[in-house]
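J.: My questions concern the predicted model and sequence given below.
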Amino acid sequence: MLKIHNSLSGEKQEFKPLRPGEVRMYVCGMTNYDYIHVGHARMLTVFDLIQRYLRSLGYKLTYVRNVTDIDDKIIERAAANGENWADLAQRFTVAMHEDCATLGLQPPDLEPRATEYIDQIIAMTQTLIDKGYAYVARDGDVMYSVRKFAPYGRLSGKKIDDLRSGSRVQVDDVKLDPLDFVLWKHAKPGEPFWASPWGNGRPGWHIECSAMSTSLLGNYFDLHGGGEDLKFPHHENEIAQSCAACDTPFVHIWMHNGFVRVNDEKMSKSFGNFFTVREVLKTLRDPEVLRFFLLSSHYRGPINYSMAQLAQADETLLGLYRALKDSGRSGIVDGEWLARFRGAMDDDFNTPEAMAAMQGVARELNQAKSAGDGAKTDAAAATLRAMGAVLGVLQQDPDTYLKLSVGDKTISDADIEGLLDARRTARAAKNFAESDRIRELLTAAGVLLEDKPGGVTQWRRA
RNA sequence: GGCUAGGUGGCAGAGUGGUCAUGCAGCGGCCUGCAAAGCCGCGUACAGCGGUUCGAUUCCGCUCCUAGCCUCCA
């Protein structure tokens, strides 16, 4: 039985889809005006994991993750570059897709873009005006009147009065209340615009997600996710918009992933302490290391980004691939271990606990290998691969994986093989001084040797 | 200031009212020509102070500390 933590209640609850067998999930995706960083990668990876697990449970999942392709930041950045805003958004959307593919993320079922939903956004805004939740302010901005929506603040646990007193928002005479937020923004000269009943303008950020999610998944759907930082005001505002416009509940379970931190501080654009996925990947053996690292702690908690942590993830993942090496592909999955693994995943996607189960299987695998028990070896390997498949790791060929290097290769495979030939000859002649000299040479070049029984030597890159 | 989430062994990171997380690093042993890998074993961990309890790291209260949100943010 799957349990999921609901941000709305602050508690784990048994997950029951609104429609039997079917799950509808919406995740707030990226505003693409730059390359994605590790913090974005965590969000993308976490919901990729959830998508995979829900599917593995047999649910018919519709996973929607939007792209915000019109926004102040996009306009600003494009202007700074002297580039067309749409070209810029498109360029970075393509880059994001490339990064997602590199990270092994399965694409969402639907990836709506805000600019494709202008009609729906205008319609929803009109509905909110008609129902008295929104008003047209000066200049043609349409604002949502927060005080009209009684449950406002429920998701974030905030009270309107507290928010107001601590508000850093400049009191703006366009707004009736400082907390009111914009649904439709009038276009200033030179800015992109769409025609609307309130003049030329563009949608506010919050309304996009309400319009796209309800258009594609219906007014009331199962799961809505995003980074913790979107809880307020973004998701709070989505609730206010959607519930008011549709007269139905909006989302069954809200899910929020924790931040990636750098030196105990949130990784973000504004702090300037971010690392793009592209630059980080250059320092790693394989993109799988980053995925493994991101899944090695629970999705709701914070995770600290550092080279040391990545190195540890690399080492641990390497150990798992070493276990998988020299095993057959025809083993039968061990149901008991798999049940333990699933139990962990069922408990609000507890990946660290699930990984502990994987380590248990890896140990059994190594034990079976030492004992020369082929059937047991293959069974454990099959079990480990099956678990890995759910997490999206350990699906590569171990021999290939272990020969990957961190950064550039300092010596070619052919040169390594040549030196190993020479070493084999030396060892056969019991010339251990020569054999050790070659081994040290290879070690210096980042190649580690393992002598197996029968004169066989295996190698891998450090 | 308001609200929220946390403080677990050298590091990372789960979890639990009373036998075990797990991984990395370290130490000892087996194996090995020597290594490496693997296996076996080892290490007075649960911020502090009170309280509840036969028993608390786990429940309650307070204190201290950290992060996040309250402005765009995954």
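T.: Looks like it came in fine. Residues are numbered from 1 along each chain as shown, chains lettered A, B, ... in the order given.

J.: And the residue of the stretch 1-150 of chain A closest to RNA strand B?
T.: residue A:39 (2.5 Å; Cβ to the nearest atom of the strand). (C-beta placed from N, C-alpha, C; glycine too.)

J.: In the strand or helix carrying that residue, which residues are buried?
T.: Assessed by DSSP states H and E, residue A:39 sits inside helix A:38-56. Neighbour-count burial for helix A:38-56 flags A:38-54 (criterion: 16 or more other Cβ atoms under 10 Å).

J.: same thing with stretch A:295-305?
T.: Neighbour counts over stretch A:295-305 (16+ other Cβ under 10 Å) mark A:295, A:296, A:297, A:298, A:299, A:303, A:305 as buried.

J.: pLDDT score assigned to the last one?
T.: At residue A:305 the predicted local confidence, pLDDT, stands at 95.

J.: Pull out whichever of the buried residues of stretch A:295-305 are also neighbours of RNA strand B.
T.: With Cβ under 7 Å from any atom of the strand as the criterion, the buried residues of stretch A:295-305 include A:296, A:297, A:298, A:303 near RNA strand B.

J.: Show me the domain layout of chain A.
T.: Following the assignment in automatic domain parsing, chain A carries domains at A:15-260, A:307-407, A:410-461.

J.: Tell me where the stretch 301-450 of chain A has helices.
T.: Under the criterion DSSP state H, counting those that start in this stretch, helices of the stretch 301-450 of chain A are mapped to A:307-324, A:335-346, A:351-371, A:374-391, A:398-402, A:413-428, A:432-444.

J.: Mean neighbour count, these: which tops it?
T.: Of all those, helix A:374-391 has the most neighbours on average by mean count of other Cβ atoms under 10 Å, namely a mean of 21.

J.: could you give the mean pLDDT of that one?
T.: Across helix A:374-391, pLDDT averages out at 97.

J.: Now do the same contact list for residue A:32.
T.: A:67, A:68, A:69, A:74, A:89, A:92, A:93, A:95, A:96 (Cβ atoms under 8 Å, 6 or more residues apart in numbering).

J.: What does the pLDDT read for it?
T.: 96.

J.: what about the stretch 151-300 of chain A, any weak spots by pLDDT?
T.: Along the stretch 151-300 of chain A, segments meeting pLDDT under 70 span A:164-173.

J.: mind running it again at 90?
T.: For the stretch 151-300 of chain A, applying pLDDT under 90 flags the ranges A:157-179, A:264, A:269-272.

J.: So which bits of it are right by RNA strand B?
T.: Contact residues (Cβ under 7 Å from any atom of the strand) of the stretch 151-300 of chain A with RNA strand B: A:156-159, A:162-163, A:165-169, A:179, A:181, A:205, A:226-234, A:257-261, A:264-270, A:296-298.

J.: do the same with the stretch 351-462 of chain A
T.: A:352-353, A:355-356, A:359-360, A:362-363, A:366-367, A:369-370, A:427, A:432, A:435-436, A:439, A:448-452.

J.: One more pass at 6 Å, please.
T.: Contact residues, the stretch 351-462 of chain A versus RNA strand B (Cβ under 6 Å from any atom of the strand): A:352-353, A:356, A:359, A:363, A:366-367, A:370, A:427, A:432, A:435-436, A:448-451.

J.: of all those, which comes closest to residue A:311?
T.: Proximity of these to residue A:311 (Cβ to Cβ) peaks at residue A:448, which lies at 15.4 Å.

J.: Give me the neighbour count for that closest one.
T.: Per other Cβ atoms under 10 Å, the neighbour tally for residue A:448 reads 13.

J.: which residue ranges form the strands in the stretch 1-150 of chain A?
T.: Using DSSP state E, counting those that start in this stretch, the strands found in the stretch 1-150 of chain A span residues A:3-6, A:11-14, A:22-31, A:60-68, A:134-136, A:142-144.

J.: which of those sits most buried?
T.: Among the strands of the stretch 1-150 of chain A, strand A:142-144 has the highest mean neighbour count (mean count of other Cβ under 10 Å), at a mean of 26.

J.: same for that strand, what does it pack against?
T.: Packing partners of strand A:142-144 (3 or more Cβ pairs under 8 Å, 6 or more residues apart in numbering; DSSP states H and E): helix A:118-130, strand A:134-136, strand A:181-186, helix A:236-246.

J.: could I get those as a markdown table with distance to residue A:378?
T.: Listed next are the helices and strands packed on strand A:142-144 as a markdown table, based on distance: least, Cβ to Cβ, whole Å:
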| stretch | distance to residue A:378 |
| --- | --- |
| helix A:118-130 | 53 |
| strand A:134-136 | 63 |
| strand A:181-186 | 58 |
| helix A:236-246 | 49 |
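
J.: among those, which is nearest residue A:314?
T.: Proximity to residue A:314 (Cβ to Cβ) singles out helix A:236-246 among those, at 38.4 Å.

J.: partners of the helix or strand just after the closest one, with directions?
T.: Going down the chain from helix A:236-246, the next helix or strand is strand A:251-257, by DSSP H and E. With DSSP bridges as the test, strand A:251-257 is paired with strand A:221-227 (parallel).

J.: re the thing from before, mind putting the helices of the stretch 301-450 of chain A in CSV, distance to residue A:84 included?
T.: Output for these, formatted as CSV (distance: least, Cβ to Cβ, whole Å):
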stretch, distance to residue A:84
helix A:307-324, 37
helix A:335-346, 45
helix A:351-371, 41
helix A:374-391, 40
helix A:398-402, 42
helix A:413-428, 46
helix A:432-444, 52
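
J.: sorry, back to before: if you average pLDDT over each of the strands of the stretch 1-150 of chain A, which is lowest?
T.: strand A:11-14 (a mean of 92).

J.: what does that one contact?
T.: A:1, A:2, A:3, A:4, A:5, A:6, A:253, A:347, A:348.

J.: please redo it, this time with the cut-off set to 6 Å
T.: Residues outside strand A:11-14 that contact it (Cβ atoms under 6 Å, 6 or more residues apart in numbering) are A:1, A:3, A:5, A:6, A:348.

J.: and the closest residue to the last one other than its chain neighbours, what are its bridge partners?
T.: If I follow you right, that is residue A:348. Nearest non-adjacent residue to residue A:348, counting by Cβ to Cβ, 6 or more residues apart in numbering: residue A:5, 4.9 Å away. Taking DSSP bridges, one finds residue A:12 as the beta-bridge partners of residue A:5.

J.: Confirm for me that residue A:5 is in contact with residue A:347.
T.: No. Look at residue A:5 against residue A:347 with Cβ atoms under 6 Å: they stay out of range, at 9.7 Å.
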